[in-house]
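Trainee: any chance you can model this:
(chains A, B, C and D)
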Amino acid sequence: MNLSLLSFIVMGITAVLLSGVMITRRWPVSAAMVLIAIMTLLAGMFGLLEAHFAAAAQIIVYAGAIMVVFVFVIMLLNLPPEELRYGGVTVGEMILIAVSVFVAVGLGTKVGQGFLTTGLESMGVAQGESVAGGHHMYFPASENVKNVAASMFVDYLWAFELISFLIMAAVIGAVVIAKKRSAEHADAA
Amino acid sequence: MEGSLGAVAQFLDTNIGLVASIGKIALALVIALQVAPIMVWVERRQAAFIQRRIGPNRVGLFGFRLFGLGQPLADTIKLLFKEDFIPQQANKFFYVLAPILPAVIGLVAIQGIPLGKEIIVAGHTIDLQPVNLNAGFLYLFAMSALGVYGVALAGWSSNNKYALLGGLRASAQMISYEIAMGLALLPMVFIYGTLDLQGMIAAQSDSLLFGFLPNWGIFLSPISFVLFVVTMFAETNRLPFDLAEGEAELVAGFLVEYGSMRWSLFFLGEYAMMFTLSALTTCVFLGGYEIPWLPHAQLVTLLTPIFTAEPATWVAAAIGLGVLIVKVAAFMFLFVQARFTLPRFRYDQLMRVGWVYMLPVALLNLVVMALIVGFLRLT
Amino acid sequence: MLTLPELGLYFSFLLFLVGLAGVMFRKNILFMMLSVEILLNAANLAFVCASKLTGTMDGQVVMFFVMAVAACEAAIGLALIIALYRTKASIEADDLKALRG
Amino acid sequence: MNYQAMLAAILLIPLLGALLNGFLLRSAPRVVTVSVATLAIFIPFIFSCLLFFGPVNAGEVVRTDLFNWISVPFQGGHLDIPFALTVDRLSAILLLIITGVGSLIHLYAGEYMSHEEGVYRFFAYLNLFVFSMLSLVLGANMVVTFLGWEGVGVCSYLLIGYWYSDEANARAGMKAFIANRVGDLGFLLAMFMSVKLFGTVDYSKIAAALTNELAANNAPMITAIGLCLLLGVTGKSAQLPLYIWLPDAMAGPTPVSALIHAATMVTSGIYLMTRMSFLLVHSHTAMTTIAVIGACTALFAATIGLVQNDIKKVLAYSTVSQLGFMVLGCGVGAFQFGVAHLMTHAFFKALLFLGAGSVIHAMHHEQDIRKMGGLIKKMPITGWTFVIGTLAIIGFPGLSGFFSKDEILYNAWTGPFGHPLLWALGAGAAACTSFYMVRLTYLVFFGESRVEHAHGHHGHGHDHHHHHEIHENPLAMTLPLMILALLSIVGGYVSMPHAIMHTLGVHANENIITEWLSPVLASAKEVMSAGHGEEGHGSASLEWGLMGASTLVMLIMSGFALSLYKVGPKGGDSIANAVGGLYRLILDKWRIDELYQGVIIEPLKKVGDAFFKFGDRALIEGIINEGPRGIYLVTSVLSDVQSGLVRNYLKVVFIAMVALCAWILI
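Mentor: The predicted model follows:
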């Protein structure tokens, strides 16, 4: 068991445990902070998967921008801690949780036997080799940023442009939704 | 003894990478930890000069005053022995965590700065960038992006209205300026064609611009430089962008409930981040550790006759580090100078500058530079 | 043999499970949105693992798109939360039942 | 600039003008709008002149294929319909008329519409109309022509209903549009049939494909095409039985009446018939029908014109009547004189309409001739040019109308499909024309002034413009009048009768128009001469005789009108009382509208009502309404599942995911 595998497992387990911690926090700020930790861990995992740019973007975009907005809104509203209402969990939900835990454990026992990736074999995907019909790397594997950029701006150019429209719409929408309407002011006055 | 020394030597030989990494990280840490005390002294002295007074010049060591260089030491001792308290209504965990975050992040971020080109030790070439990722540039960015949490958390966990306002201001300010900052630096990425800071420095030293200017980023894309410097001030919460702690409006902003060592940890983090960003500016725009008109390789060739091959690289590295520190120091001085000469923005002005002026200018600059670079590449 | 991508897929499954549980059981929209972020992160992890598995860049590119969508979702969602809080003084999901059929 | 590009430019510049005015210059000052619109017609006019005196004069046919418009598999091969433009001698004449008269009318309209708000709409429509008209005329195949055909219909509709806030105007627009639709159906059918028969819609290809054998073998088809074309012509050129829309179309602004409903659009039927002459002449039935319809329309409309009191209505019926002359000319095989009359009519009728518009403008939208009189002293230019126009239309010797009308009448007697009866009808119509035109002119411009000074009628938002004194209109309005008057005087010399030519000692085989159009009409001529053996049965003496007869009739009727109306508009009452029933019938326009209302529209309404009650109400709405009601029952049960709680929905997602993974596991 080499170092990267070990650290990957540790990071993964920590992330899962932290996510469990996150969804049980009472304070929104605590939850957001735990979430940032999870994201940082995931960034580390991306790094280990040799997706360096993804790792950096994970931190810059997720932890550095999206979560800042979250924290900002949480602080702006300055909500009191939520009273947790777990008493409302029904029998059906408990069964659901039990089944899911069972399934998760069952799945866990199969990990390491290539179980999750067997389907890929039939598609002609061997470990670390290019998929038939997939988009190949343009540069050596160490040039991760260039590879991502080449794929994004060549094979996925349209998707990229469309996403930009989505973001534009989201920005405008957010401003419109969150802005206090002047009519309200007029009514209040 | 001979055997144990040999074992040590062999250990060093086989694990040279690990040892070198520890060494480099330690070196960077040492530099970063010195920044805060020295800068505090520099700021106070410079403030005094600007304000036509003397400033702290009394504290000395062993009877030598040395322009009051002992002052930082005395301050540190004072801060260490002050009462450490936690406000009653504060969220304890985050109150404690908040000052640690910027300090840690600042100290971690500095690891991405190349302190020199490389040295050769016993036949092993050691890159002098403590953490060498092939996207080192993004690493620095990621770290600087995380810097806001310390301030935000401090503001929130203090359970104080002023602090909360300071935290809110800081987070809004930093996400606003981060965009302009990234956009300001993007042209440099495609001018140099790499995200690696070492590569950028190499690209800046390998030729001359118009035959006489150093091929520095500041000459290649001056608008980027100006934008970046401005956003750098905003990102580090320095005047004229220190709205988060503006003492006139918010008492001390997010710092209002902090005292003693926790308070100084914020300063440690802030100065470390200042140093890191200044060093980043130096690397991207001012040729990093390279001496103008004298590339590192040439320097090594010059030095080789004097010191033999391997030590020559050591000397060159030392000179490079000196050059880097001189350049960074000049920047830090700019920070200080700005702090005592420029008035503070109003908050709406700050936001307007960020979104209405900086961002469009940065975008325009990006487009224009992209066109120019694309045109030059094609022809 | 344990491989990173396969492990990553499993972790992504677990994360997704936990995140989904978070969205299901928390009644505060803010928490639900934070849990949704976990879901998206789990999906990202799966994408990057797939990228590694197939040796192509597709997974990573899609991961960026997911990230962009997440940014949009956060912007709109948080704006909605602010608007809601302003009008209803509550961000409890159970108070919002306009979609009742 | 080569001629192909010029041709395309002629078509596209008005479109550009329309787009500019319609979209960009909405809030531009009036002068900009007017200048753009006028230039957008004037520049093509210059190009048209260059083309006319350049390649067309030399006998060439300029053709340009802009792009391949329609391409469909057809009868084993491909039916390619390019967007092709062509200009030959026939379309060159119309080109000059459309752009030349068009630019004069644009100039005039700029002044006429000076009190209107938002004239950009008017000029955009007007430019669009010119574009459509040009594509009608320039189209190298029936489909492009049809595009223009429809386009002019639309523009006509839009312009008639320009003052759409008045319901009567909107109704008039609709009437015009619907009547045109009936005609368009005919054109469409003719087009389909020619595709079926010839496999092409290109005029030149049809002409090449149409051999005598083919015509002989497919005689019924040819006749059908001819009759369908005639239906189209009756719609667009306002012939019996579809003429009813044209008088109502006078609701539009007067420049529109002048441009569309006198000079250009309504003559497109004549153009089409001349264009298809090579086909029409193969069918005796079709030609005779055309001639009869034309002659009947001429007389019929002229009789209605006798008693109208609205200045524009008189001119409108006169237009219908004159169009009848043109159709008659085409029908008897004298296509070139139909075109000649088209041209002269464009001049003098545009002149008359613009003169009428000038009067109406000066009178602040008063159109009743009984309230006018003596205007010539106040508006000398308008008055005298109007008199010239009147003399031209009634065929005063030496003026344009005389020559063109006379040639048509002569050919109605002697032409390949002519018959003395047709001449009689035409001569009757000409007599009526003389009467009502002289009546109109006299009542409007001479005699005592009957202007009511304090009338309260202010049309269309003119309240700001309190009228004080009737006076001559500015140069922008009178200049077109003068130019058109000049053209009305000299325009007829292109179709100078043989007899006069011989007398004058002009030694040419044919008169100018015949010579000019000979390439276009060559194949038709050939067929006609083959079918009839002898080249007409006329002679110089007959020509002189007919000419003299019609001049005499004209003089008598004019004198009659003058003597009757010199006492004022009441002068005709005695005759009206004498034939009371007939008079009222004519005054009600032979009650044709009522006839249509009763015979066609009411039954159609009943059928539509039945469809509405049974088909729509019972059948469709029943299905539409009852279906959802059933669905609603089902969904109301299902909607209870939609608790509105997000986590309930998510539970489903959760279950699905766990189930999926469990399934993978098993």
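
Trainee: what sits against the residue in chain A that chain B sits nearest to?
Mentor: In chain A, the residue that lies nearest chain B is A:G64 (2.5 Å; C-beta to the nearest C-beta). C-beta here means a position set from N, CA and C on the backbone, and glycine is covered the same way. Shown in contact with A:G64 (C-beta atoms under 8 Å, 6 or more residues apart in numbering or on different chains): B:F141, B:A142, B:A145, B:L146, B:V148, B:E178.

Trainee: tell me the confidence at the first one?
Mentor: We note a pLDDT of 82 for B:F141 in this prediction.

Trainee: who's in contact with it?
Mentor: B:F141 touches A:A56, A:I60, A:G64, B:G182, counting by C-beta under 8 Å, 6+ apart.

Trainee: for the last one, which non-adjacent residue is closest in space?
Mentor: Leaving aside its chain neighbours, B:G182 sits nearest to B:F141 (6.7 Å; criterion: C-beta to C-beta, 6 or more residues apart in numbering or on different chains).

Trainee: now the helix or strand the one you found falls within, how far from the centre of its chain.
Mentor: In this assignment (DSSP states H and E), B:F141 forms part of helix B:136-146. The chain centroid and the centroid of helix B:136-146 are separated by 11 Å, computed with C-alpha atoms, centre = their mean, to the nearest Å.

Trainee: same deal with stretch B:100-107?
Mentor: With C-alpha atoms, centre = their mean, you get 12 Å for stretch B:100-107.

Trainee: quick one: average confidence on that stretch?
Mentor: Rounded mean pLDDT across stretch B:100-107 is 86.

Trainee: I figured D:K236 hits D:W149, correct?
Mentor: Yes - judged on C-beta atoms under 8 Å, D:K236 makes contact with D:W149 at a distance of 6.9 Å.

Trainee: what is in contact with the two at once?
Mentor: Contacts common to D:K236 and D:W149, judged by C-beta under 8 Å, 6+ apart, are D:S268.

Trainee: can you list the buried residues in the host helix or strand of B:V323?
Mentor: Following DSSP H and E, one finds B:V323 within helix B:309-341. Neighbour counts over helix B:309-341 (16 or more other C-beta atoms under 10 Å in any protein chain shown) mark B:312-313, B:315-317, B:319-321, B:323-325, B:327-329, B:331-332, B:335-336, B:339 as buried.

Trainee: and D:T86, how far from chain B?
Mentor: 46 Å (C-beta to the nearest C-beta, to the nearest Å).

Trainee: helix or strand: which one has that residue?
Mentor: D:T86 belongs to strand D:77-87, assigned by DSSP H and E.

Trainee: how about the CA coordinates for the helix or strand that comes right after that strand, as PDB?
Mentor: Per DSSP H and E, the first helix or strand lying C-terminal to strand D:77-87 is helix D:89-112. Only the C-alpha atoms of helix D:89-112 are listed here, as PDB (Å, rounded to 0.1, in the frame of the first residue of the first chain):
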ATOM      1  CA  ARG D  89     -38.500  45.500 -73.000                       C
ATOM      2  CA  LEU D  90     -41.800  44.900 -71.300                       C
ATOM      3  CA  SER D  91     -40.600  45.000 -67.800                       C
ATOM      4  CA  ALA D  92     -38.300  47.900 -68.600                       C
ATOM      5  CA  ILE D  93     -41.400  50.100 -69.400                       C
ATOM      6  CA  LEU D  94     -43.000  49.100 -66.200                       C
ATOM      7  CA  LEU D  95     -39.800  49.600 -64.400                       C
ATOM      8  CA  LEU D  96     -39.600  53.200 -65.600                       C
ATOM      9  CA  ILE D  97     -43.300  53.800 -64.700                       C
ATOM     10  CA  ILE D  98     -43.000  52.300 -61.200                       C
ATOM     11  CA  THR D  99     -39.800  54.000 -60.200                       C
ATOM     12  CA  GLY D 100     -40.400  57.200 -62.100                       C
ATOM     13  CA  VAL D 101     -44.100  57.800 -61.200                       C
ATOM     14  CA  GLY D 102     -43.200  56.200 -57.800                       C
ATOM     15  CA  SER D 103     -40.600  58.800 -57.000                       C
ATOM     16  CA  LEU D 104     -42.800  61.600 -58.000                       C
ATOM     17  CA  ILE D 105     -45.500  60.300 -55.800                       C
ATOM     18  CA  HIS D 106     -43.100  59.800 -52.900                       C
ATOM     19  CA  LEU D 107     -42.100  63.400 -53.300                       C
ATOM     20  CA  TYR D 108     -45.700  64.400 -53.300                       C
ATOM     21  CA  ALA D 109     -46.600  62.200 -50.400                       C
ATOM     22  CA  GLY D 110     -43.900  63.700 -48.200                       C
ATOM     23  CA  GLU D 111     -45.800  67.000 -48.400                       C
ATOM     24  CA  TYR D 112     -49.300  65.400 -48.500                       C
END
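
Trainee: what's the angle between helix D:89-112 and strand D:77-87?
Mentor: Helix D:89-112 and strand D:77-87 are oriented at 60 degrees to each other (axes from the mean of the first three to the mean of the last three C-alpha atoms, to 10 degrees).

Trainee: wait, D:A190 touches D:I225, no?
Mentor: Yes - with contact defined as C-beta under 8 Å, D:A190 counts as touching D:I225 (4.9 Å).

Trainee: higher neighbour count, those two?
Mentor: D:I225 (28 against 25; other C-beta atoms under 10 Å in any protein chain shown).

Trainee: and that one, how far from chain A?
Mentor: Distance from D:I225 to chain A, by C-beta to the nearest C-beta: 51 Å.

Trainee: that residue: what's it in contact with?
Mentor: By C-beta under 8 Å, 6+ apart, the neighbours of D:I225 are D:A190, D:M193, D:S194, D:L197, D:L279.

Trainee: cool, D:F417 as well?
Mentor: Counting by C-beta under 8 Å, 6+ apart, D:F417 has contacts D:H284, D:M287, D:T288, D:A291, D:G331, D:V332, D:G333.

Trainee: try it again at 10 Å.
Mentor: D:280-281, D:284, D:286-288, D:290-292, D:330-334, D:411, D:528, D:531-532 (C-beta atoms under 10 Å, 6 or more residues apart in numbering or on different chains).

Trainee: returning to that earlier point: now the common contact residues for D:A190 and D:I225.
Mentor: Counting by C-beta under 10 Å, 6+ apart, the shared contacts of D:A190 and D:I225 are D:M276, D:L279.
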